[in-house]
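> Predicted model and sequence below, questions to follow.
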Amino acid sequence: MLEALNDQQRAAVLHDGGPMLIVAGAGTGKTTTLAHRVAQLIAQGVPGERILLLTFARRAAAELLRRVDGLLGRAASDRPASSRVWGGTFHSVATRLLRQHGERIGLHPSFTIHDRGDSEDLLDVLRAELELGRGKRRFPRKGTCLDIYSRAVSSRAPVDAVLARGFPWCTEQLDGLKLLFRTYVDRKAEQRVLDYDDLLLFFHALLGTEAAGPAVRAQFDQVLVDEYQDTNALQAELLDRLCPGGRGLTVVGDDAQAIYGFRAASVRNILDFPEIHPGTRTVVLAENYRSTPELLEATNRVIAQARERHPKELWSRRPSGERAELITCSDEAEQTEFVLGRILERREQGMDLRRQAVLFRASHHSLQLEVELGRRGIPFHKYGGLRFVETAHVRDLLAFLRLAENPRDLLAGTRVLGLLPGVGPRTARALIEPVQRTGSFEGWDTAAKVPAAARAQWQALVALYRELGGPRPPALPVQLHRIRTFYGPLCEERYDHVTARLRDLESLEQLAAGFTERAAFLGELTLEPPRSTQDLAGPPSLDDDYLVLSTIHSAKGLEFDAVYVLHAADGNIPSDLTTGTPEEIDEELRLFYVALSRAKRHLAVTFPLRWFDRPAGVGGRHAFAQLTRFLPPPVAAAFELRAAFPEAPRPALPPADAFLLPELRGALKAFWN
Ligand code: ATP
Ligand code: MG
């Protein structure tokens with residue numbers, strides 16, 4: 001099983017006992033080493049359920065465990081598979097352990113989870129209740145409030161420090177914010193809801209108690225963490241409590257790929273790991289197995305520009321291939337045309353669509369490409385961007401289900417009631433009050449005062465919740481079906497594109513068939529929501545071939561034979577949405593590095609020019625003014641520079657300071673003589 005590995009990788013797989021840090025650049029086999037280590041542990045007889053594998057996304061955990069199974073299959077076919085290994089994100093593992101042990105810290109097991117949208121909404125309600133928006137100074141909006149709250153929790157820093165560092169324009173609102181957050185904590189407790197941050201915070205607290213901490217610790221022999229550079233301070237403390245002294249802890253990462261600083265991840269976690277855990281074994285990997293030497297030359301040069309970094313020059317002995325390409329396009333349409341052409345060409349040559357990926361900084365950068373793919377009937381999956389469960393109709397449906405699970409979930413309750421005709425926020429709150437207070441739907445009266453337009457639906461709703469919220473609710477798909485029957489007509493009245501929406505609701509009902517527990521279903525959808533209904537279908541079958549479109553953030557850890565990076569223009573990469581501090585620019589550079597280092601054999605970076613400069617008599621010259629600042633000439637020298645369609649005829653544009661050809665302008669003006 002270990003034959004394929006190099007010496008450092010093998011040593012890491014076989015390491016026994018104390019804390020271990022594997023730190024290395026992209027494509028050096030960090031994740032591969034983790035997979036081998038899990039397989040090796042199982043082969044040695046460690047029971048799967050005593051291994052905890054933490055990854056950044058559920059998809060990544062599933063993929064890793066598939067590899068483990070592959071390895072074990074070869075070593076000994078009668079071994080049990082990896083199915084019992086605890087694999088998942090910090091949040092999903094926290095949820096499972098809180099459901100398992102929460103009662104020991106007095107956490108009621110019926111808690112529901114608020115996603116980001118819910119959390120913002122609740123903050124907004126409290127912000128209004130506390131009349132914080134009333135003062136002379138503008139109080140931050142709900143999204144900003146949540147960012148501040150979340151950053152304080154994740155980075156374990158007091159609110160004033162968070163404001164000073166990241167939100168200086170809000171420092172005057174310190175007292176108001178603290179009041180808001182205290183009220184927020186109380187209100188969540190009353191409603192028995194946890195937000196994303198609470199999952200980690202409560203898990204951390206759980207580990208700190210005598211009642212539950214030792215039991216949870218005793219559950220695992222080995223804890224392994226991939227992409228450790230993107231963990232935050234709270235997660236590091238959590239691991240500390242889970243593995244005191246770093247015993248049985250393996251973390252893996254690359255400081256040059258830290259891209260979640262904007263969400264309070266701290267690259268210090270990985271840099272300081274050996275100091276915090278004396279006796280750490282540090283393993284460094286330098287051979288890159290992913291990319292051709294030509295592509296590696298390009299990515300090495302890009303990342304060498306980082307201000308603060310641990311120098312790591314990667315090398316590769318893979319057969320040499322094409323150089324990376326830097327493609328200038330006159331506009332976005334040309335970029336789309338070029339990328340599509342390349343993709344289809346490669347597919348003709350036998351490279352499946354699924355081995356090719358188009359990456360971009362912001363979700364909307366791929367819109368034009370998506371339209372074109374749709375027009376030509378080319379299948380694709382898109383990762384990142386607006387998620388399926390963030391759409392209004394899906395949120396409505398889940399609110400129905402959440403309310404059944406937890407009658408005290410006020411946001412779910414007001415959302416459901418607000419769907420009834422003529423019921424505004426005030427009536428909704430009055431109607432939900434008895435249920436909130438008693439935690440039971442028995443408090444609902446079919447004869448309660450509701451607007452005339454809603455009377456029939458009100459009675460149906462009460463009946464629905466007597467059934468769903470009662471002691472013996474029907475099977476989950478039946479529950480969804482009942483909700484859909486009730487909600488369908490309301491949805492049709494409320495929204496446009498009804499057919500597509502109703503189809504989404506149907507898919508959810510089908511998905512529910514795979515779950516027995518309502519709470520587990522809700523947890524799954526809230527924690528790592530599918531991006532589209534296609535995602536709900538589970539892993540596509542092997543004959544399905546589709547192109548991957550992904551934001552760079554969502555492409556972390558993946559690799560493809562061919563990678564196309566769109567819109568490499570300043571303003572997009574680096575994004576002009578960052579405030580432009582040196583730290584943020586550095587993070588954007590690392591992000592660009594993550595994008596480029598996904599490629600195995602072909603890499604094309606495209607950028608649309610907004611103008612084309614052609615000085616008289618000198619053939620033609622691209623104006624590079626908009627090219628990303630991360631490709632200055634010495635770096636760009638590692639790329640093949642070319643125009644997307646050099647032979648295409650181009651109109652002669654006037655000099656930059658003129659609007660039209662002077663003779664034309666003269667003619668237009670002459671009309672008024
Ligand atoms: P990233 O930083 O992007 O997450 P990584 O360090 O986790 O990269 P992997 O994804 O584990 O790298 O490996 C990159 C590629 O190299 C994979 O295709 C993997 O199969 C291959 N690889 C890793 N180690 C070896 C090895 N010893 N021999 C041959 N191929 C290897
Ligand atoms: Mg990896």
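That came in fine, so what should we check first? Ligands and ions are numbered 1, 2, ... in the order given.
> any low-confidence regions in the chain?
74-81, 385-390, 528-543, 610-625, 647-659 (pLDDT under 70).
> how far away is whatever residue of the stretch 551-673 of the chain ends up closest to ligand 1 from Leu64?
With CB to the nearest ligand atom, the shortest gap between the stretch 551-673 of the chain and ligand 1 falls at Gly557, namely 4.2 Å. For glycine as for every other residue, the C-beta is placed from the backbone atoms N, C-alpha and C. Computed with CB to CB, to the nearest Å, the distance linking Gly557 and Leu64 is 9 Å.
> Now the common contact residues for the two.
Common contact partners of Gly557 and Leu64 (CB atoms under 8 Å, 6 or more residues apart in numbering): 31, 226.
> Which one's more surrounded, these two?
Here Gly557 and Leu64 are set side by side on neighbour count (other CB atoms under 10 Å), and the busier one is Leu64, at 23 against 20.
> Quick check: which element contains that one?
Take DSSP states H and E as the rule and Leu64 turns out to sit in helix 58-75.
> For the helix or strand following that helix, which helices and strands make contact with it?
Sequence-wise, the next helix or strand downstream of helix 58-75 (DSSP H and E) is strand 86-88. Helices and strands in packing contact with strand 86-88 are listed as strand 51-54, helix 58-75, helix 90-101; criterion 3 or more CB pairs under 8 Å, 6 or more residues apart in numbering; DSSP states H and E.
> is the longest one anywhere near ligand 2?
In other words, helix 58-75. No: using CB under 5 Å from the ion, helix 58-75 never reaches ligand 2; the gap is at least 8.1 Å.
> buried sites along that helix?
58-61, 63-65, 67-69, 71-72 (16 or more other CB atoms under 10 Å).
> swap in stretch 171-189?
Applying 16+ other CB under 10 Å to stretch 171-189 flags 173, 176-177, 180-181, 183-184, 187-188 as buried.
> can you check stretch 426-437 too?
By neighbour count on 16+ other CB under 10 Å, the buried set for stretch 426-437 is 427-429, 431-432, 434-436.
> picking that back up, among the buried residues of helix 58-75, which one lies nearest to Asp230?
Distance to Asp230 across the buried residues of helix 58-75 (CB to CB) is lowest for Ala60, with 11.6 Å.
> mind checking the backbone torsions on the closest residue to the closest one other than its chain neighbours?
Nearest-residue entry for Ala60: Gly557, 5.7 Å, with adjacent residues in sequence omitted and distances by CB to CB, 6 or more residues apart in numbering. Backbone torsions of Gly557, given as degrees, to the nearest 10, read phi 80, psi -10.
> Is it correct that Gly557 is in contact with Asp230?
No: Gly557 is beyond contact range of Asp230, at 10.2 Å (criterion: CB atoms under 8 Å).
> and the nearest residue in space to Arg346 that is not next to it in sequence, what element?
In space, and not counting its chain neighbours, Arg346 is closest to Ala562: 5.8 Å by CB to CB, 6+ apart. If you go by DSSP H and E, Ala562 is part of strand 560-565.
> Count the neighbours of the closest residue to ligand 2 within the chain for me.
Residue of the chain nearest ligand 2, by CB to the ion: Thr31 (3.2 Å). If you count neighbours by other CB under 10 Å, Thr31 ends up with 21.
> who's in contact with it?
Listed by CB under 8 Å, 6+ apart, the contact partners of Thr31 are 60, 64, 226, 252, 557.
> that older thread, near ligand 2 too, which of the buried residues of stretch 171-189?
Counting by CB under 5 Å from the ion, nothing from the buried residues of stretch 171-189 sits close to ligand 2.
> Could you export those as a markdown table, including secondary structure?
What follows is the buried residues of stretch 171-189, written out as a markdown table (DSSP: H, G, I helix; E, B strand; the rest coil):
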| residue | secondary structure |
| --- | --- |
| Gln173 | helix |
| Gly176 | helix |
| Leu177 | helix |
| Leu180 | helix |
| Phe181 | helix |
| Thr183 | helix |
| Tyr184 | helix |
| Arg187 | helix |
| Lys188 | helix |
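> and which of those residues is nearest Gly279?
Phe181 (38.6 Å).
> my read: the closest one touches Tyr149, true?
Yes: using CB under 8 Å, Phe181 makes contact with Tyr149 at a distance of 5.6 Å.
> Gly29 contacts Leu285, doesn't it?
Yes: using CB under 8 Å, Gly29 is in contact with Leu285, at 6.1 Å.
> so what's the closest residue to Gly248 other than its chain neighbours up against?
Once flanking residues are discounted, Gly248 sits nearest to Gln222: 4.8 Å by CB to CB, 6+ apart. With contact set as CB under 8 Å, 6+ apart, Gln222 has these partners: 41, 46, 50-52, 248, 250.
> Who wins on neighbours among those?
Result: Thr250 is most packed of the contacts of Gln222 (other CB under 10 Å), 26 neighbours.
> how would you label it: helix, strand or coil?
Thr250 - assigned by three-state DSSP - is strand.
> these two touch, right, Gly261 and Leu589?
No: the pair Gly261 / Leu589 is not scored as a contact, 11.9 Å apart, by CB under 8 Å.
> Have a look at the two and say which one is more surrounded.
Leu589 (23 against 17).
> What are the phi and psi values at the more buried one?
Per degrees, to the nearest 10, the backbone of Leu589 is at phi -60, psi -40.
> Now do the contacts for it.
Residues near Leu589 by CB under 8 Å, 6+ apart: 302-303, 305-306, 574, 630.
> 7 Å - rerun?
305-306, 630 (CB atoms under 7 Å, 6 or more residues apart in numbering).
> do the same with Leu410
Per CB under 7 Å, 6+ apart, neighbours of Leu410: 191, 432, 436.
> Write out the residues of the chain neighbouring ligand 2.
Contacts of the chain with ligand 2, taken as CB under 5 Å from the ion, map to 30-31, 557.
> quick one, domains of the chain?
In the assignment given by automatic domain parsing, the structural domains of the chain cover 7-103+200-287, 112-191, 295-384+545-643, 389-530.
> Save those as JSON lines, and put in distance to Lys669 too.
As requested, the domains of the chain are exported to JSON lines (distance: least, CB to CB, whole Å):
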{"stretch": "domain 7-103+200-287", "distance to Lys669": "51"}
{"stretch": "domain 112-191", "distance to Lys669": "47"}
{"stretch": "domain 295-384+545-643", "distance to Lys669": "24"}
{"stretch": "domain 389-530", "distance to Lys669": "46"}
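> Can you give the distance from stretch 336-351 to the centre of its chain?
On the basis of CA atoms, centre = their mean, to the nearest Å, stretch 336-351 sits 28 Å off its chain's mean C-alpha point.
> Okay, buried residues for that stretch please.
So stretch 336-351, judged by 16+ other CB under 10 Å, has buried residues 336-340, 342-343, 346-347, 351.
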